[in-house]
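1. Below are the sequence and a predicted model for it; my questions follow.
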Amino acid sequence: MANVQSLDPSASPLDYYGWELRRQREAHGLRQGQLGEIIFCTGSLIGQIETTKKVPTRDFSERLDAALGTDGVFSRLVGLVLRSQLPTWFQQYADMEARATYISTYQAQLVYGLLQTEEYARAVLTTGMPDDLDGLLAARMERQRVLERKQPPLAWAILDEAVLHRPIGGRQVMRNQLARLLEFTGHRWMRVQVLPFAAGQHSSLDGPFNLLRFDNDPDIIYTEDLISGHMTANTETIREAARRYAHLQAAALSVEDSAALIARVMEERYGNRPGLEEHGVA
C-alpha cells in the first residue's frame, strides 16, 4: 500500500483530502481505528481514504468535521473531490450545470441524472463497467445537491415514455424511481413531463439534449455521443434547440397528466405482483 506521506497534496482534490485527513488525525493524536470508532466506520476505511484507495462520501466528511472540529473543512472539500471523480469530459458540463439558473432537458433513454435514485444510478453506471463504481455513484449523487440549494435552478425535464418502461435495475428499483419522479409533482422549481408514445414522430428523434441558461453567460447546449459529451454556445444551435424544446413541450403530456401516467406505469408494470421475479417485467 502506498504511504500517504508520499502523496502530493497538490496532485488532485482526492490526494489533498487524504493528506489533510492524515494531518488532522495525527494532530488530534488519533490512530486510524480510534478515529473510525468515533465516526462509526472501520480504521481500514480511514486508511483507504488517506491513501486515496477509497473516495470519501459527504456523510463521512460531515462526521469527520464534527469529530475533529474542523469547521466544515472536509464538508467543503468533498464537493471538489466528488466532482473530480466524474469522467474528465463530463466535468466541465457538471460545473456549468451547478451554475445554471435554468435547466431544460429531453431524455429519450434514461431518467435525467439529477432525478435518479441512488439504486437506479448504480444500475445505469454498472453498464459502463467502471473501475470505481462507488466513486462515480457518489459523484452523481453529489450533482443532485444543486436541487437542494436555497434557490435552485428552475428545471424542466421531458422524458420519453420509453424511459418509464425500460426496466433498469429491476422491478423495485424502477418502482422507487418512478415514485421519486412523482415527488416533483407540484414542485416549485422542477417540472417533469412525459412525451407519450402516441406523440409519434417528434422534433428530437435524433436524440436527447440539455439546454442550460445563466444570469450572465451565454446559453449552452449539451449533447453526448458514445464516448464523450459536447457543449456549444453557437447562437444558431441554441435557437434550433429552443425551437425543438418548445415543440417537445407542446407534444408532451401536461405535468398533471404526466404524473398520472407515471403513477399508472408504476402500479401496472412495477407493482407488487406475486409470482414475478424481482428482475422480470410482465
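-> Perfect, I can see it now.
2. Nearest spatial neighbour of the residue nearest in space to the middle of the chain, chain-adjacent residues omitted?
-> With distances taken as C-alpha atoms, centre = their mean, residue 140 lies nearest the centre of the chain, 3.1 Å away. Nearest non-adjacent residue to residue 140, counting by C-beta to C-beta, 6 or more residues apart in numbering: residue 121, 5.0 Å away. C-beta coordinates here come from the backbone N, C-alpha and C atoms, glycine included.
3. The one you found and residue 143 touch, don't they?
-> No: between residue 121 and residue 143 there is no contact, the gap being 9.8 Å when judged by C-beta atoms under 8 Å.
4. who's more crowded, these two?
-> residue 121 (26 against 20; other C-beta atoms under 10 Å).
5. Could I get the contacting residues of the more buried one?
-> 113, 137, 140, 141 (C-beta atoms under 8 Å, 6 or more residues apart in numbering).
6. Residue 142 versus that one, what's the distance?
-> Distance from residue 121 to residue 142, counting by C-beta to C-beta, to the nearest Å: 11 Å.
7. do residue 225 as well
-> 24 Å.
8. Tell me which of the two has more neighbours.
-> Ranked by neighbour count (other C-beta under 10 Å), residue 225 and residue 142 place residue 142 first, with 20 against 8.
9. What strand or helix carries that one?
-> Assigned by DSSP states H and E, residue 142 belongs to helix 133-143.
10. Centre of the chain to the next helix or strand after that helix, how far?
-> Sequence-wise, the next helix or strand downstream of helix 133-143 (DSSP H and E) is strand 154-160. Here the centre of mass of C-alpha atoms in strand 154-160, compared against the chain's by C-alpha atoms, centre = their mean, to the nearest Å, lies 15 Å away.
11. Show me which positions of the next helix or strand after strand 154-160 end up buried.
-> Moving toward the C-terminus from strand 154-160, the next helix or strand (DSSP H and E) is helix 161-165. Of all the residues in helix 161-165, those buried under the rule 16 or more other C-beta atoms under 10 Å are 161, 163, 164.
12. Could you find the closest non-adjacent residue to the last one?
-> This points to residue 164. Nearest to residue 164 is residue 265, by C-beta to C-beta, 6+ apart, at 4.6 Å.
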